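J.: coordinates for the following, if possible.
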Amino acid sequence: QVQFVESGGGLVQPGGSLRLSCAASGRAFRVYAMGWYRQAPGKQRELVAGITNDGNIMYADSVKGRFNISRDNAKNTLYLQMNSLKPEDTAVYFCNTRLGMTPTGSWGQGTQVTVSS
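T.: All right, here's what the predicted structure looks like:
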C-alpha cells in the first residue's frame, strides 16, 4: 500500500502562496489517481484538487483559479501550488489515492496551512 508524507505548509498572510509536496512510497504511485484533501477545524475532510494517472485534473469550486495540482511520477511526488490564499483555506492538507472523490489509501500526518494576518 502506498504511504504518504506531506510537507510545505506554514503560516502565510492572505494573498500569499505556498507549495505543498506529498512524497509517496512504493513503485505503484504512477498508476493511481491522486488527490489533495483538506480538513478545517470542525469540518469534514474535503477533496480540493485531483489528478488522474493520465493527467486529468479537477478542482473544487472554492480553489479553482488559485490552486494548481501536479505530479512527478519519476519522483513519486504530488504537488499543490496554492496562490491567492484566503483565511478560509486554513486547514490541515493531506494527499491520498482516490477513486472518484473517495480516498482509498491510508492517511499521512498532513501539513498545516494557516492563512492569517
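J.: who's in contact with the residue most central in space within the chain?
T.: Nearest to the mean C-alpha position of the chain, by C-alpha atoms, centre = their mean, lies Trp36 at 2.6 Å. Contacts for Trp36 (C-beta atoms under 8 Å, 6 or more residues apart in numbering) come out as 20, 22, 47-50, 67, 69, 78, 80, 93-95. In short, each C-beta sits where N, CA and C put it, glycine included.
J.: looking at the residues you listed, which is nearest Val31?
T.: Leu78 (13.5 Å; C-beta to C-beta).
J.: does that closest one count as helix, strand or coil?
T.: strand (DSSP: H, G, I helix; E, B strand; the rest coil).
J.: same check on Phe29?
T.: Quick answer, by three-state DSSP: Phe29 is helix.
J.: just checking, it touches Gln1?
T.: No - using C-beta atoms under 8 Å, Phe29 is not in contact with Gln1; the gap is 11.5 Å.
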